[in-house]
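**Q** below: sequence and its predicted model.
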Amino acid sequence: MENKEEKRTYRLVLTGGPCGGKTTGQSRLSTFFENLGWKVFRVPETASVLLSGGIKFADLGEEEAYKFQENLLKTMIQIEDTFFELGKTCGRNCLIICDRGAMDASAFISKDKWEKLMRDNNWNNVELRDNRYNQIIHMVSAANGAEEFYTTEDHSCRSEGVELARELDSNAAEAWIGHPYFDVIDNSTDFEGKMRRMIGSVCQKMAIDTGDRLLQNSRKLKFLVKGPLPPDEVFPRFQDFEVVHTYLHSNSPNQVRLRKRGQKGYFSYIHTVRRQMQPGGQVVEVKTQINHRDYINMLAQKDKSHFTIYKKRRCFLVNNQYFQLDIYEEPSHPRCKGMILLETYTALEATNLGKRLPQFINIQKEVTGNPNYSMYNLSLREDWRTSKKFCGDLSTLNDPEDLPIHEMKHNGLQNGVGKCSMVNGHGHMNGLPEKSGIKTNGTLPTISNKV
């Protein structure tokens with residue numbers, strides 16, 4: 001008998017600037033997942049429904065525009081909730097594609113007005129942005145990188161010129177900064193490649209094996225950053241979050257962890273199971289959103305051989321590239337003191353990505369796939385030299401340039417001590433080599449330069 005608890009409902013937002021490929025993307029996603037046997041619901045864009053009734057946003061006064069956005073958001077939430085309820089009761093796996101989402105409304109009013117809207121309706125950004133949807137896909141407007149293909153002819157509600165389209169595209173992207181699973185699909189390939197990257201991004205987050213059908217899946221890259229960080233004013237628009245990771249007891253080589261993430265007293269909770277499909281094979285992460293009560297109950301399974309990891313996570317966009325900057329905080333193992341890691345997903349080649357890396361922070365080197373910067377290993381209470389739980393190649397511990405400060409002091413390790421056959425590091429999960437050849441704006445001659 002089929003286990004009904006295994007049925008999945010996935011809530012996805014497709015957003016972006018004018019002429020970004022949202023409409024085509026919805027159709028392509030629907031066909032792809034229907035061919036997998038999923039039920040697909042497509043939530044219409046609320047703004048288009050209202051604007052097609054004769055409303056012209058440019059003609060509205062300040063107070064009228066505020067009330068319009070308030071009622072638009074209320075209408076959007078009600079329409080979405082109708083589809084979300086259908087998804088829960090559907091007998092099959094269900095993908096719900098929202099044509100824009102709740103946070104898009106924040107791109108059209110001032111920050112003060114948006115905060116007033118939140119207060120007046122007892123809403124908050126964590127609930128509307130992080131907990132409401134599983135993933136956000138931003139389709140970059142053709143006005144930004146594919147100008148020759150930008151057109152307003154096929155959309156009755158679209159009249160923007162190229163410059164305005166770029167501004168709207170940027171505003172729409174910034175509205176979603178901070179969502180834990182936010183992907184930007186730019187115009188670095190042709191349109192077919194853009195569609196494949198979009199579908200591949202969804203499948204990757206859902207841990208769906210696509211074989212070789214989607215050739216341009218993005219991969220996660222990780223970089224070591226040297227502090228101190230520049231003042232906040234130097235950063236583009238950003239969102240800061242409190243993040244807490246807790247590892248739970250699990251059977252090797254699997255890893256199970258909880259993540260608490262939030263701001264201003266509001267939090268979202270994720271349960272992650274990291275499985276190796278077969279010895280030496282692909283590693284898949286399955287993430288499930290849970291509520292606060294489940295989170296508290298699961299903490300009883302905490303693995304005491306690991307420290308709880310505390311971070312400040314800063315999320316921002318640079319050149320249409322989405323970055324997460326993790327700043328490790330105490331209490332932690334001394335090896336984590338002062339550690340700052342930058343992460344991004346990309347389908348770009350090394351040369352092109354190097355041009356998009358933020359120049360206002362001191363990136364020392366790429367550490368993708370390096371087990372010394374795996375959160376699992378960083379959280380271990382034991383000394384890496386003697387720990388049987390250290391996952392990765394212990395020979396890296398002989399190279400002081402690849403060690404966090406605390407571990408640098410130990411030399412003369414014997415090969416084979418505490419080795420683990422588990423595939424380790426996010427880069428390995430995505431099939432990356434340890435180095436991708438990306439040039440950074442700094443080098444790390446000795447470990448003593450780290451702070």
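**A** Arrived safely. In this text the structure is predicted, and so the values were computed from the model without any measurement.
**Q** by contact count, what packs against the host helix or strand of residue 49?
**A** Assigned by DSSP states H and E, residue 49 belongs to helix 46-51. Under the contact definition 3 or more C-beta pairs under 8 Å, 6 or more residues apart in numbering; DSSP states H and E, helix 46-51 sits against helix 62-89. Glycine gets a C-beta too; all of them are placed from N, C-alpha and C.
**Q** buried residues in the helix it packs on?
**A** In terms of neighbour count (16 or more other C-beta atoms under 10 Å), helix 62-89 has its buried residues at 65-66, 68-70, 72-73, 76-77, 79-80, 83-84, 87.
**Q** distance from the chain centre to that helix, please.
**A** With C-alpha atoms, centre = their mean, to the nearest Å as the basis, helix 62-89 stands 24 Å off its chain's centre.
**Q** just to revisit the earlier point, wait, which of the buried residues of helix 62-89 is closest to residue 263?
**A** Residue 263 lies nearest to residue 73 out of those, by C-beta to C-beta, at 19.9 Å.
**Q** so who does the closest one touch?
**A** For residue 73, the contacting residues are 102, 105, 117, 121, by C-beta atoms under 8 Å, 6 or more residues apart in numbering.
**Q** shouldn't the third one be within a strand?
**A** No: assessed with DSSP: H, G, I helix; E, B strand; the rest coil, residue 117 is helix; it does not lie in a strand.
**Q** that one reaches residue 68, doesn't it?
**A** No: Residue 117 is beyond contact range of residue 68, at 11.3 Å (criterion: C-beta atoms under 8 Å).
**Q** is residue 256 in a helix, a strand, or coil?
**A** Look at residue 256: counting by three-state DSSP, its state is strand.
**Q** my guess is it meets residue 274, correct?
**A** Yes: using C-beta under 8 Å, residue 256 makes contact with residue 274 at a distance of 7.4 Å.
**Q** which parts of the protein are strands?
**A** 9-16, 39-43, 94-99, 135-139, 182-185, 219-226, 238-248, 255-263, 266-276, 283-290, 309-318, 321-329, 340-346, 362-366 (DSSP state E).
**Q** those strands: lowest mean pLDDT?
**A** The weakest mean pLDDT among these belongs to strand 283-290, with a mean of 79.
**Q** tell me which residues touch residue 326, please.
**A** Neighbour list for residue 326: 243, 311-313, 340-343 [criterion: C-beta under 8 Å, 6+ apart].
**Q** switch to 10 Å and redo it
**A** By C-beta atoms under 10 Å, 6 or more residues apart in numbering, residue 326 lies in contact with 222, 225, 243, 309, 311-314, 339-343, 375.
**Q** neighbour count and distance to residue 58 for the residues you listed - can I get that in a markdown table?
**A** Putting these into a markdown table (neighbours: other C-beta atoms under 10 Å; distance: C-beta to C-beta, whole Å) gives the following:
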| residue | neighbour count | distance to residue 58 |
| --- | --- | --- |
| 222 | 21 | 44 |
| 225 | 21 | 43 |
| 243 | 20 | 41 |
| 309 | 23 | 48 |
| 311 | 24 | 43 |
| 312 | 14 | 40 |
| 313 | 18 | 38 |
| 314 | 21 | 35 |
| 339 | 21 | 49 |
| 340 | 24 | 44 |
| 341 | 18 | 44 |
| 342 | 22 | 40 |
| 343 | 16 | 40 |
| 375 | 19 | 48 |
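**Q** mind listing the residues bridging to residue 244?
**A** Judged by DSSP bridges, the bridge partners of residue 244 are residue 260, residue 310.
**Q** that one against residue 310, yeah?
**A** Yes: if you go by C-beta atoms under 10 Å, residue 244 and residue 310 touch, sitting 5.8 Å apart.
**Q** what sits in contact with each of those two?
**A** Both residue 244 and residue 310 are in contact with 260, 329, where contact means C-beta under 10 Å, 6+ apart.
**Q** sorry, back to before: in the helix holding residue 49, what's buried?
**A** Under 16+ other C-beta under 10 Å, the buried positions of helix 46-51 are 46-47, 50-51.
**Q** which among those residues gets closest to residue 386?
**A** Proximity of the buried residues of helix 46-51 to residue 386 (C-beta to C-beta) peaks at residue 46, which lies at 58.6 Å.
**Q** tell me which residues touch the closest one, please.
**A** 71-80, 98-102, 104-105.
**Q** model confidence score at residue 45, please.
**A** With respect to pLDDT, residue 45 scores 92.
**Q** residues near it, how many?
**A** By other C-beta atoms under 10 Å, 22 other residues sit near residue 45.
**Q** in the buried residues of helix 62-89, which has the lowest confidence score?
**A** Where pLDDT dips furthest among those: residue 65, at 86.
**Q** now do the contacts for that one.
**A** Per C-beta under 10 Å, 6+ apart, neighbours of residue 65: 57-59, 108-109, 113.
**Q** overlap in contacts of residue 256 and residue 274?
**A** residue 250.
**Q** higher neighbour count, these two?
**A** Shown here are residue 256 and residue 274; by other C-beta under 10 Å, residue 274 has more neighbours (21 against 18).
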